[in-house]
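*Asks:* next one to model:
(one chain, ligands or ions: 1)
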Amino acid sequence: MGRAPVLLAFLLHLLFLLGRVRCAAAAAAAAALGCSSPPSTDGVCARLIRPLGYPCSEHTIETEDGYLLSVQHIPHGRRALGKTSGPPVFLQHGLFQGGDTWFMNSVEESLGFILADSGFDVWVGNVRGTRWSYGHVTLSENDKAFWDWSWQELAQYDLLAMIGYVYSTTNSKIFYVGHSQGTIMALAAFTMPNVVRMIESAALLCPISYLDHISSSFVLRAVGLHLDQLLLTIGIHQLNFRSDMGIQILDSVCDGHMDCNNLLAAITGENCCFNVSRIDYYLEYEPHPSSTKNLNHLFQMIRSGTFAKYDHGWLQNVIHYGHLHPPAFDLAKIPDSLPIWMGYGGSDALADVADVRRTINELRSKPELLYIDKYGHIDFIMSVKAKDDVYGNLIRFFRSQGWSSSY
Ligand SMILES: *[C@@H]1O[C@H](CO)[C@@H](O)[C@H](O)[C@H]1NC(C)=O
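*Replies:* Residues are numbered from 1 along each chain as shown. Predicted coordinates:
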């Protein structure tokens, strides 16, 4: 079958769904979580961290372009530490995830808790559009303009604002941990001197800058269907897979063409050590919304094999960048004085080993590497064995950067 009829059928299907969803707009809106900023009594601290015996405070940070982001602060672990506070570590989640992602397993298994109990001063980022960072000084989530951004803005505005806040509050350089999109943001932002000067060293889980070897069957089919462009064309700017619309979009991509019984594996690759009996609990929090433009930018990377700014099309590129093509982020601009550690997996269908190698080759200093053959994309944050497999190694790396502690 030719591509055009498939695309047409797909577009009609989406338009049909859009009509249905509009009719059920009120119900869908009520069902979609994260439609308003959570009160401080209902944030990550109150739900996930304080109940387990950890100190935690919520902070609101405004970006240069007016988004209101929430950041959580866990100053120490369950044991009180007296006067000394450890060095700040900042955790940056991935796409369709939020700061909750670092606290979803038990206190012995989750990186956020483990770092606090290891003596770090833990700070947790939440990017715009997630359930925890849904505010803006003038826009609401119903405005198209609220969703007019991609990971480029997450790097330029969100990361700069959150890291700047932690840096000035703690008066200390920061240990950075990012997963997936949190590594794209970091690698883009670290090419900018105003961000990297605040970073002590960085641990990148499932590092992504290039995406053209991606093997995820679900993502490749969505790219082939031009899902990103179709959604933008029909005016869907928010991607929320908790809404009826979002669920129907997933269904349309799966629709008899692949085994989506295990949707997580179809998207991220086989995860060896995922706790299946905890799925209902994970689903209380994730997935979080993101923007269709962000998906569009990621799909541009898959199509073009570049790590570059958003492609607006030739004419708009000339207006935005003064060139026909969007400028690339130059990984060689990341100073070789910045120590980097990377953890990546052989079963990861998103951060493919070939793409990770290309990233490593373009960096000026060679990062420390931890390769785990059987690990998929989600294992690096959710594996029930990640403490032994990954986090011990990561913490040892941070400690080797001049910070020794008795904890
Ligand atoms: C998996 O999740 C269940 C349900 O929350 C929990 O009881 C169990 O301890 C978890 N298993 C591991 C190995 O963490």
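
*Asks:* against residue 146, how distant is the nearest residue to residue 68 once chain neighbours are set aside?
*Replies:* Nearest residue to residue 68, sequence neighbours excluded (CB to CB, 6 or more residues apart in numbering): residue 135, at 3.4 Å. In this view, the C-beta of every residue, glycine as well, is placed from N, C-alpha and C. Per CB to CB, to the nearest Å, residue 135 is found 10 Å from residue 146.

*Asks:* show me which residues of the chain sit near the ligand.
*Replies:* Residues of the chain lying near the ligand by CB under 6 Å from any ligand atom: 106, 109, 275, 277, 278, 384.

*Asks:* buried subset of the residues you listed, written for ChimeraX?
*Replies:* The buried residues among the residues of the chain next to the ligand can be selected in ChimeraX (16 or more other CB atoms under 10 Å) with this line:
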select :109,275,384
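
*Asks:* give me the subset of the residues of the chain next to the ligand lying in helices.
*Replies:* Judged by DSSP state H, the subset of the residues of the chain next to the ligand located in helices is empty.

*Asks:* could I get the residues of the chain next to the ligand as JSON lines with distance to residue 226?
*Replies:* Output for the residues of the chain next to the ligand, formatted as JSON lines (distance: CB to CB, whole Å):
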{"residue": "106", "distance to residue 226": "42"}
{"residue": "109", "distance to residue 226": "39"}
{"residue": "275", "distance to residue 226": "35"}
{"residue": "277", "distance to residue 226": "37"}
{"residue": "278", "distance to residue 226": "35"}
{"residue": "384", "distance to residue 226": "38"}
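
*Asks:* widest-spaced pair of the residues of the chain next to the ligand?
*Replies:* For the residues of the chain next to the ligand, with distances taken as CB to CB, the pair at the greatest spread is 109 and 277 (13.4 Å).

*Asks:* separation between the most centrally placed residue in the chain and the ligand?
*Replies:* The C-alpha lying nearest the average C-alpha coordinate of the chain belongs to residue 94 (CA atoms, centre = their mean; 1.6 Å). Per CB to the nearest ligand atom, to the nearest Å, residue 94 is found 21 Å from the ligand.

*Asks:* of all the residues in stretch 293-301, which ones are buried?
*Replies:* Neighbour counts using 16+ other CB under 10 Å place 293, 294, 295, 296, 297, 298, 299, 300, 301 of stretch 293-301 among the buried residues.

*Asks:* which residues touch the helix or strand where the last one lies?
*Replies:* This points to residue 301. Per DSSP states H and E: residue 301 is located in helix 292-304. Residues from elsewhere that reach helix 292-304 (CB atoms under 8 Å, 6 or more residues apart in numbering): 95, 147-152, 154, 210-212, 214, 219-220, 222-223, 227-229, 231-232, 236-239, 306-308, 310-311.

*Asks:* let's see that helix as PDB, backbone CA atoms only.
*Replies:* Taking Å, rounded to 0.1, in the frame of the first residue of the first chain, the C-alpha atoms of helix 292-304 are listed here in PDB:
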ATOM      1  CA  THR A 292       3.800  18.700  20.200                       C
ATOM      2  CA  LYS A 293       6.500  21.100  19.100                       C
ATOM      3  CA  ASN A 294       8.900  19.300  21.300                       C
ATOM      4  CA  LEU A 295       8.000  16.000  19.600                       C
ATOM      5  CA  ASN A 296       8.400  17.700  16.300                       C
ATOM      6  CA  HIS A 297      11.900  18.900  17.200                       C
ATOM      7  CA  LEU A 298      12.900  15.300  18.300                       C
ATOM      8  CA  PHE A 299      11.500  13.900  15.100                       C
ATOM      9  CA  GLN A 300      13.500  16.400  13.100                       C
ATOM     10  CA  MET A 301      16.600  15.000  14.800                       C
ATOM     11  CA  ILE A 302      15.600  11.500  13.800                       C
ATOM     12  CA  ARG A 303      14.900  12.500  10.200                       C
ATOM     13  CA  SER A 304      18.000  14.700   9.700                       C
END
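
*Asks:* pLDDT averaged over it - what is it?
*Replies:* In this model, helix 292-304 carries a mean pLDDT of 98.

*Asks:* now do the following helix or strand past that helix: distance to the chain's middle.
*Replies:* The first helix or strand that comes after helix 292-304 along the chain, using DSSP H and E, is helix 314-321. Centroid separation for helix 314-321 versus its chain: 27 Å, with CA atoms, centre = their mean, to the nearest Å.

*Asks:* count of neighbours near residue 281?
*Replies:* 11 (other CB atoms under 10 Å).

*Asks:* distance check, the closest residue to it other than its chain neighbours against residue 49.
*Replies:* Spatial nearest neighbour of residue 281, chain neighbours left out: residue 104 (7.1 Å); criterion: CB to CB, 6+ apart. Noted for residue 104: a distance of 11 Å to residue 49, by CB to CB.

*Asks:* separate out the buried members of the contacts of helix 292-304.
*Replies:* 95, 147, 149-152, 154, 210-211, 214, 219, 222-223, 227-228, 231-232, 236-239, 306-308, 310-311.

*Asks:* about what we covered before: and residue 104 and residue 49? Which one has more around it.
*Replies:* Counted by other CB under 10 Å, residue 104 and residue 49 do not tie: residue 49 has more neighbours, with 29 against 20.

*Asks:* check the nearest residue to the more buried one once chain neighbours are set aside and give its pLDDT.
*Replies:* Among residues not flanking residue 49 along the chain, residue 56 sits closest, at 4.1 Å (CB to CB, 6+ apart). If you check residue 56, the pLDDT there is 96.

*Asks:* switch to numbering from 314
*Replies:* All right, first residue 314 from here; so that's residue 369.

*Asks:* I figured residue 369 was touching residue 385, is that so?
*Replies:* Yes: Residue 369 is within contact range of residue 385, at 5.8 Å (criterion: CB atoms under 8 Å).

*Asks:* looking at those two, which is more packed in?
*Replies:* For residue 369 versus residue 385, the count of surrounding residues by other CB under 10 Å is larger for residue 385: 25 against 22.

*Asks:* least trustworthy helix or strand in this protein by mean pLDDT?
*Replies:* helix 338-344 (a mean of 37; mean pLDDT, DSSP states H and E).

*Asks:* state the mean pLDDT of stretch 635-654.
*Replies:* For stretch 635-654, the per-residue pLDDT averages 97.

*Asks:* the strands in the stretch 564-713 of the chain, which residues?
*Replies:* All strands of the stretch 564-713 of the chain, identified by DSSP state E, counting those that start in this stretch, fall at 603-604, 653-658, 681-685.
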